[in-house]
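1. Have a look at this fold, sequence not included:
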């Protein structure tokens, strides 16, 4: 099976700091593919093109709530519905690594692919008038001039809690595949058969289970620990009777 | 979905153009079968010019939908997979067939030639209806659109509107055809009423397959969005929300139900009875306004699952 690069995002670890958002924007707006345009960045109603967003959801009812920070970018579906609808072939999925990309020189800006993405992962650049989306930092992960440890998407590099893993989900022994397997990784909106390559790891409650027998010392079979009187404060202690 | 006016004009204008051409071809077929006398050549030639005007206006409107219209020629590339690409091929092909059919009539070509050109045009007109409808019907998670009724409605609305225009055209150029043309128009309009009511009933009962639970993958009945990641709006908050009230939506629905069906049918009956082309043209104009409202409603009613991620700003 060919390679399928993807992100695995651990919702149990994400703290919602938006470092991946800003790092993604910084890297991709400076790249060879051109800037990601903004309008009113420092005024009312700022808006702009982003490949990655972090959203926040509250699960449950007060006071029993969980805050879930939810980073959302293109999921690089294994069966991407946005690709076949593109009339020009600008939207395509790379055979060699499974990354879904847009050829900005072929895109006519008809927005049909954004209608055909159930996740809202694509955004039109309002000034360049072409569709944009996460590239998994394709201009970074293969860059031989970078140290091999840095050949990862900018969002993964930036995450302070290591909530974002990057790797080949078709390689059963990769870190991402192990994380999906061992930690219950799941895909978004499985009902549409898009088979997203990106996976999410669920929130996990840290709980310790104590059984009744664990509340007592195993080497205290006669249960005499509790019966011993506390020594008087003025009574001689071990320090008084022992010479070192 | 936010209704895209360029697409609303595209689909309604080319629908009328396609319907008008089919009406012209039916007039020729009936005359050849001896059902009525053959209308004059100018009825066909100028009728094709009228049809081409609507098709060209629709094509022009479609360019306003594109961010990069200068690259529009590229959109014919992916006809193997994309209905949009297929439409991009079918529309100019159909326009060429209409032009050839009109020219053949203008030059008094042989009946076999016009018949063959017309058959090609009819086939392309039907293919174009299918392409246009399938652009919307093929997106499975836009559940309001993902039904054969979408293609059927596009076809029937186009035929109703084009035949109404054809009736007005017959009143001006070939009065013998008014009666039969009015009957066809009424038939298509009533069929469209039935199928549109069917799709309205279907869409009112749709249960969305995607929920906030499947969207973020958390299985809890109570999930509330607290932040969508930004406060000033984005493409996602602009493109997929119509931002109109429920009352407005209901108003548009009743407006198009009135303007597309009963009012034009009343004007059609009056126009056919008096053989008055201005009355019939008014019926067409009124119905066209209604079709704009119908198409607006078609877009606004579709709920895109991506909206689940944009329920609260902060």
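-> That came in fine, so what should we check first? Please read these numbers as outputs of a predicted model, since none were measured by experiment. Numbering: from 1, shown residues only, chains lettered A, B, ... in the order given.

2. Can you show me the strands along the stretch 201-314 of chain B?
-> Here the stretch 201-314 of chain B has its strands, by DSSP state E, counting those that start in this stretch, at B:223-227.

3. nearest residue to the residue of it found nearest chain A other than its sequence neighbours?
-> The nearest approach of the stretch 201-314 of chain B to chain A comes at residue B:306, 2.9 Å away (Cβ to the nearest Cβ). To be clear about C-beta, it is placed using only N, CA and C from the backbone, and glycine gets the same treatment. Distances taken as Cβ to Cβ, 6 or more residues apart in numbering or on different chains put residue A:120 closest to residue B:306, at 2.9 Å, once the chain neighbours are dropped.

4. How much space separates the closest residue to residue A:56 other than its chain neighbours from residue B:306?
-> Setting aside the residues directly before and after it, residue A:56 is nearest to residue B:227 in space (Cβ to Cβ, 6+ apart), at 4.0 Å. Distance, residue B:227 to residue B:306, by Cβ to Cβ, to the nearest Å: 16 Å.

5. Please say which of these two ends up with more neighbours.
-> residue B:306 (24 against 19; other Cβ atoms under 10 Å in any protein chain shown).

6. ok, back up a step: which residues are in contact with the residue nearest to residue A:56?
-> A:55-56, B:312-314 (Cβ atoms under 8 Å, 6 or more residues apart in numbering or on different chains).

7. before we move on, what SS does residue 143 have?
-> You didn't say which chain, so I picked chain A. Assigned by DSSP: H, G, I helix; E, B strand; the rest coil, the conformation of residue A:143 is coil.

8. Which residue, neighbours along the chain excluded, lies closest to it?
-> Nearest residue to residue A:143 in three dimensions, chain neighbours excluded: residue A:151, at 6.3 Å (Cβ to Cβ, 6+ apart).

9. Quick check: the one you found vs residue A:137, distance?
-> For residue A:151 relative to residue A:137 (Cβ to Cβ), the value is 9 Å.

10. Would you enumerate the residues in contact with the residue of chain B most remote from its centre?
-> Within chain B, the residue lying farthest from the chain centre (Cα atoms, centre = their mean) is residue B:220, at 41.9 Å. Taking Cβ under 8 Å, 6+ apart, we find residue B:220 in contact with A:59-60, B:213.

11. Now which of those would you call buried?
-> A:59-60 (16 or more other Cβ atoms under 10 Å in any protein chain shown).

12. Just the ones in helices from the contacts of residue B:220, please.
-> residue B:213 (DSSP state H).

13. Reformat the contacts of residue B:220 as a markdown table; add distance to residue B:60.
-> Output for these, formatted as a markdown table (distance: Cβ to Cβ, whole Å):
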| residue | distance to residue B:60 |
| --- | --- |
| A:59 | 50 |
| A:60 | 54 |
| B:213 | 45 |
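
14. Of the contacts of residue B:220, which is the nearest to residue B:90?
-> Residue B:90 has its nearest neighbour among these in residue B:213, at 40.8 Å by Cβ to Cβ.

15. Can you tell me, leaving aside adjacent residues, what's nearest to that closest one?
-> residue B:219 (5.7 Å).

16. Let me know the pLDDT of the one you found.
-> On pLDDT, residue B:219 comes in at 94.

17. In this model residue B:211 seems to touch it, though I could be wrong.
-> No. Residue B:219 lies out of contact with residue B:211 (Cβ atoms under 8 Å); the separation is 10.2 Å.

18. Looking at the two, which is more packed in?
-> Neighbour count, other Cβ under 10 Å: between residue B:219 and residue B:211, residue B:211 has more, with 15 against 10.

19. hmm, back to that, since we're on the residue nearest to residue A:143, how many residues are nearby?
-> A count of nearby residues for residue A:151, using other Cβ under 10 Å, gives 16.

20. go on, residue A:141?
-> 19.

21. which non-adjacent residue is nearest the closest residue to chain B within chain A?
-> Using Cβ to the nearest Cβ, the single residue of chain A nearest to chain B is residue A:109, 2.1 Å away. Computed as Cβ to Cβ, 6+ apart, the closest residue to residue A:109 that is not its neighbour in sequence is residue B:67, at 2.1 Å.

22. in terms of contact, does that neighbour touch residue A:124 like I think?
-> Yes. Between residue B:67 and residue A:124 there is a contact at 6.6 Å, judged by Cβ under 8 Å.

23. By residue count, what's the longest helix in chain A?
-> Ranked by number of residues, the top helix in chain A under DSSP H is helix A:19-29.

24. Name every strand pairing with the following helix or strand past that helix and say which way it goes.
-> The C-terminal neighbour of helix A:19-29 among helices and strands, as given by DSSP states H and E, is strand A:38-39. Neighbouring strands of strand A:38-39 in its sheet, by DSSP bridges, are strand A:47-48 (antiparallel).

25. who's in contact with the strand it pairs with?
-> Contact partners of strand A:47-48, identified using Cβ under 8 Å, 6+ apart, comprise A:25, A:36-41, A:126, B:230, B:232-234.

26. can you check stretch B:47-55 too?
-> Applying Cβ under 8 Å, 6+ apart, the external contacts of stretch B:47-55 come out as B:13-14, B:16-18, B:20-21, B:24, B:91, B:94-95, B:98-99, B:101-103, B:105, B:162, B:165-166, B:169, B:173.

27. go on, stretch B:181-189?
-> Contacts to stretch B:181-189, defined as Cβ under 8 Å, 6+ apart, come from residues B:19, B:23, B:26-27, B:156, B:159-160, B:163-164, B:166-167, B:170, B:260-261, B:264-265, B:268-269, B:271-272.

28. would you list every one of the helices in the stretch 51-200 of chain B?
-> Secondary structure of the stretch 51-200 of chain B (DSSP state H, counting those that start in this stretch): helices at B:83-106, B:111-137, B:148-173, B:178-204.

29. Format the ones you listed as TSV; extra columns: mean neighbour count, distance to residue A:115 and mean pLDDT.
-> Formatted as TSV, these follow (neighbours: other Cβ atoms under 10 Å in any protein chain shown; distance: least, Cβ to Cβ, whole Å; pLDDT from 0 to 100):
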stretch	mean neighbour count	distance to residue A:115	mean pLDDT
helix B:83-106	22	10	97
helix B:111-137	20	9	97
helix B:148-173	25	14	97
helix B:178-204	18	17	97
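
30. May I have the secondary structure class of residue A:104?
-> Once three-state DSSP is applied, residue A:104 turns out coil.

31. now the worst-scoring helix or strand of chain A on mean pLDDT: how far from the chain's centre is it?
-> Lowest on mean pLDDT, DSSP states H and E among the helices and strands of chain A sits helix A:238-241, with a mean of 71. On the basis of Cα atoms, centre = their mean, to the nearest Å, helix A:238-241 sits 58 Å off its chain's mean C-alpha point.

32. Show the contacting residues for the closest residue in space to residue A:76 that isn't next to it in sequence.
-> Nearest residue to residue A:76 in three dimensions, chain neighbours excluded: residue A:197, at 4.3 Å (Cβ to Cβ, 6+ apart). By Cβ under 8 Å, 6+ apart, the residues touching residue A:197 are A:4-6, A:75-78, A:98, A:169.

33. how does it look with 10 Å?
-> With contact set as Cβ atoms under 10 Å, 6 or more residues apart in numbering or on different chains, residue A:197 has these partners: A:4-8, A:74-78, A:80, A:93, A:98-100, A:136, A:168-170, A:176, A:187.

34. now the residue of chain B found nearest chain A: how far from residue B:76?
-> Closest residue of chain B to chain A, Cβ to the nearest Cβ: residue B:67 (2.1 Å). Noted for residue B:67: a distance of 18 Å to residue B:76, by Cβ to Cβ.

35. Thanks a lot, see you next time.
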